[in-house]
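J.: here is a sequence with its predicted model. Questions after.
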Amino acid sequence: MQFNVMEYLEHTVRRVPDKLAYANDEFGLTFEEVYGQSRAIGTFLNRHNLHKQPIVVFMNRSPKAIAAYYGVIYSGNFYVPLDDEMPRSRIETIVRKVNPGAIICDESTKETVDAIDFQGNVHLFDDLIQCPVDDEALIRVRLSALDTDPLYVVFTSGSTGVPKGVIANHRSVIDYIENLSDVLAFGEDTIFGNQTPLYLDACFKELFPTLKFGATTYIIPKSLFMFPLKLVEFLNEYRINTVCWVVSALTMISSFKVLDKLVPQFLHTVAFGSEVFPVKQFNLWRSALPGAKFVNLYGPTEATGMSCYYKVEREFEEHEILPIGKPFRNTEILLLGSDDREAAPGEVGEICIRGTCLTLGYYEDFAKTNEVFVQNPLNSLYPDLIYRTGDLGKYNEHGELMFVSRKDYQIKHMGYRIELGEIEANVTRLEGIKSACCVYDKTTEKIVLFFVGETDARSIVKELKQLLPKYMIPNRIEPLDAMPLTTNGKIDRVYLKEASSKKGR
Amino acid sequence: MDELLKILEDMHPDVDFRQCDNLIKDKVLDSFDIVTLLAEIDGEFGVTIPVEEITPDNFDSAQALYALITRLSDDL
């Protein structure tokens, strides 16, 4: 039985030590190198008496960052991935929140780390990997570890203005990787093209199966996702055959008709999720790659990664919506309608998840954890935890699960999960702002901010960029003389939403 | 040129697009901006930028982008 995700690496490094594991367009690491470097880092952290503590890894999106994550896991601690895409205030908020035992950085992020308020130890990756590996120490760490111990904390948007840290253990990650790999049929010949940032759970689809199978992951430079033709050239140059991307990355290629000019000729597995794939765009992909497998994935960070899948086999018309299908093996979906009863066939209910895939909850936030990780209301006999996603779903006539909408103000924008409340909370902090409300205009896919106050769009954007990641910056900003209110005295979001979509067209 | 600057300034009110000529390298524009820009340029100038022209060089400054639009509209 497997207890630790690093067992994937230990099996693979014996089999294919010299194979390329992770690479970008500049350099790569073989499994032997990943193994050596991560165990050096593991030894170093262990020698500093760090155990079961959060260790921040704040590095460029590169193969080295991945080796650093594994190094933290080897040391028996858990990693908190940060990225220089995040604005400084968000980095500071997270560092303050987790108060890490150490920060691992690289030359490109050192300056930022030095500038933030952190008293603990800061180490350069290139120094840590010089540490001689202490086999005995690493074995001691491993033998004392449990599969219910955490291995990472990833931060997602939080409605109060402070991001929430989701903390997961080995058991849930192993469960996820095994079942995801089964569904997508990964293998040793899989060559992944990674699109997602490394500081979110989305990248696990590539990182851990690469270890499990001795596959290879190419980290695609972010800038290529602006230039669709160059992106497809990259896929062909590196013979990438498997992608797990957000929908907007795929539609960017198809909507510019790149597929008429150049087809990603090695691509045989296309998994996507985090957003609804417009069928018109989807069909362009399907006709360009008739032999490929297309899989729609759905799942929240709180249940480790993806929980449901739908392999597209039948034809879809433009007005139809791709289902999210059914849960992975060893995962159950409960649809809870009103009064916490199971939704009747065809009725809309909240998607709730049961199984080993549940993470441990939110880091240092029992209140929020207990709100959404709750006793299964259908079971009054023994402890039985479910995660309430806040997503609404229903079954279609084929018995396939369909995503309907969110219960609250959470949105998906460019594949990122965003709480509109977090944007509002940060806007209202700004000087001169009296009140603010954010809505998402689905037709134009724009975040629209309405505000009342003595300031202008220019300074709002300028200041917000210091506080929020770029994907959370409103795409349109509208000043108002007064906020429209509902009869209950709350901001009338429905009215603003209608106003925004009228104006957007 | 003024119409183009207005489009760009609406997207990033905090950037001086007359001065900045490293829009891609300095990560001022992201993929979402490019998509928005293409649609706005199509709407404002009636110019559809073909995918071969969606390159870092053509989007690195307002001047370069305007030159591209002018070149493409001359071809019409």
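T.: Yep, that arrived. Residues are numbered from 1 along each chain as shown, chains lettered A, B, ... in the order given.
J.: A:N370: neighbour count?
T.: The burial metric for A:N370, expressed as a neighbour count using other Cβ atoms under 10 Å in any protein chain shown, is 12. C-beta here means a position set from N, CA and C on the backbone, and glycine is covered the same way.
J.: and the stretch 201-350 of chain A, which residues reach chain B?
T.: By the criterion of Cβ under 8 Å from any Cβ of the partner chain, the positions of the stretch 201-350 of chain A lying close to chain B are A:223, A:225-230, A:248-249, A:252, A:255-258, A:261.
J.: drop anything exposed from those residues.
T.: For those, a neighbour count by 16 or more other Cβ atoms under 10 Å in any protein chain shown gives the buried set as A:223, A:225-230, A:248-249, A:252, A:255-256, A:258.
J.: tell me who's in contact with the residue most central in space within chain B.
T.: Among the residues of chain B, B:L65 comes closest to the average C-alpha position under Cα atoms, centre = their mean, at 4.5 Å. Taking Cβ atoms under 8 Å, 6 or more residues apart in numbering or on different chains as the definition of contact, the neighbours of B:L65 are B:4, B:37, B:41, B:58-59.
J.: and chain A, which of the residues you listed contact it?
T.: The subset of these lying close to chain A, counting by Cβ under 8 Å from any Cβ, consists of B:F59.
J.: most neighbours among the contacts of B:L65, which one?
T.: B:F59 (23 neighbours).
J.: per-residue confidence at that residue?
T.: The predicted local confidence for B:F59 comes out at a pLDDT of 93.
J.: okay, it and B:S31: tell me how far apart.
T.: 11 Å (Cβ to Cβ, to the nearest Å).
J.: between the two, which contacts overlap?
T.: Here B:F59 and B:S31 share the contacting residues A:M226, scored by Cβ under 8 Å, 6+ apart.
J.: buried ones in stretch A:390-405, by neighbour count?
T.: In terms of neighbour count (16+ other Cβ under 10 Å), stretch A:390-405 has its buried residues at A:390-395, A:401-403.
J.: of the buried ones among the residues of the stretch 201-350 of chain A next to chain B, which belong to helices?
T.: The helices, defined by DSSP state H, take in A:228-230, A:248-249, A:252, A:255, A:258 from those.
J.: export these to a markdown table and append columns for pLDDT.
T.: Converted to a markdown table, those look like this (pLDDT from 0 to 100):
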| residue | pLDDT |
| --- | --- |
| A:P228 | 93 |
| A:L229 | 94 |
| A:K230 | 94 |
| A:S248 | 83 |
| A:A249 | 89 |
| A:M252 | 86 |
| A:S255 | 82 |
| A:V258 | 93 |
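J.: right, and the helix or strand after the lowest-mean-pLDDT helix or strand in chain B?
T.: Taking all helices and strands of chain B together, the one with the lowest average confidence (mean pLDDT, DSSP states H and E) is helix B:31-45, at a mean of 85. Tracing the chain C-terminally past helix B:31-45 and defining elements by DSSP states H and E, one meets helix B:62-75 next.
J.: show me which residues of chain A are close to chain B?
T.: Among all residues of chain A, those adjacent to chain B (criterion: Cβ under 8 Å from any Cβ) are A:223, A:225-230, A:248-249, A:252, A:255-258, A:261, A:414, A:456-462, A:465, A:470-471, A:475-477.
J.: residue 24: what's its closest spatial neighbour, skipping adjacent residues?
T.: All of this is about chain A. A:I219 (4.3 Å; Cβ to Cβ, 6 or more residues apart in numbering or on different chains).
J.: not quite, go with chain B.
T.: Leaving aside its sequence neighbours, B:I24 is closest to B:P56 (4.6 Å, by Cβ to Cβ, 6+ apart).
J.: burial of the one you found, as a residue count?
T.: Going by other Cβ under 10 Å, the residues that sit close to B:P56 add up to 16.
J.: what's near enough to touch B:D14?
T.: Counting by Cβ under 8 Å, 6+ apart, the residues that B:D14 touches are A:458-459, A:461-462, A:465.
J.: same check, this time on A:S501
T.: With contacts defined as Cβ under 8 Å, 6+ apart, A:S501 is in contact with A:441-444.
J.: can you give me the helices for the stretch 351-500 of chain A?
T.: With helices called from DSSP state H, counting those that start in this stretch, the stretch 351-500 of chain A shows them at A:366-372, A:420-429, A:457-467, A:493-504.
J.: and the residue of the stretch 1-150 of chain A closest to chain B?
T.: Of all residues in the stretch 1-150 of chain A, A:E85 sits closest to chain B, with a separation of 8.6 Å (Cβ to the nearest Cβ).
J.: average pLDDT across stretch A:65-73?
T.: 98.
J.: in the stretch 301-450 of chain A, where is pLDDT below threshold?
T.: Across the stretch 301-450 of chain A, nothing is flagged by pLDDT under 70.
J.: show me what contacts the residue of it found nearest chain B?
T.: Residue nearest to chain B within the stretch 301-450 of chain A: A:M414 (5.7 Å; Cβ to the nearest Cβ). Taking Cβ under 8 Å, 6+ apart as the definition of contact, the neighbours of A:M414 are A:246, A:248, A:471, B:31-32.
J.: I'd like those residues as CSV, with distance to A:L284 appended.
T.: Compiled in CSV, the contacts of A:M414 are given as follows (distance: Cβ to Cβ, whole Å):
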residue, distance to A:L284
A:V246, 17
A:S248, 14
A:Y471, 25
B:S31, 18
B:F32, 20
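J.: which element is the nearest residue to A:T251 once chain neighbours are set aside on?
T.: Computed as Cβ to Cβ, 6+ apart, the closest residue to A:T251 that is not its neighbour in sequence is A:Q281, at 4.4 Å. For A:Q281, the host element (DSSP H and E) is helix A:279-288.
J.: that helix: which residues count as buried?
T.: Buried residues in helix A:279-288, counted by 16+ other Cβ under 10 Å: A:279, A:281-286, A:288.
J.: need the residues of chain B near chain A, please.
T.: Where proximity means Cβ under 8 Å from any Cβ, the interface of chain B facing chain A comprises B:10-14, B:24, B:27, B:29-32, B:34-36, B:38, B:51-52, B:54-56, B:59.
J.: buried members of the residues you listed into ChimeraX, please.
T.: The following ChimeraX selection, which keeps only the buried ones among the residues of chain B next to chain A, applies the criterion 16+ other Cβ under 10 Å:
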select /B:11,12,14,24,29,30,31,32,34,35,36,38,51,54,55,56,59
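J.: tell me the domain ranges of chain A?
T.: For chain A, whose domains are defined here by automatic domain parsing, the residue ranges read A:6-167, A:220-355+A:366-408, A:410-504.
J.: got TSV for those, with distance to A:F186 too?
T.: Below are the domains of chain A laid out as TSV (distance: least, Cβ to Cβ, whole Å):
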stretch	distance to A:F186
domain A:6-167	12
domain A:220-355+A:366-408	7
domain A:410-504	21
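J.: the ones you listed: which one's closest to B:L72?
T.: domain A:220-355+A:366-408 (14.9 Å; Cβ to Cβ).
J.: please compute how far the closest one lies from its chain's middle.
T.: A distance of 13 Å separates the C-alpha centroid of domain A:220-355+A:366-408 from that of its chain, computed with Cα atoms, centre = their mean, to the nearest Å.
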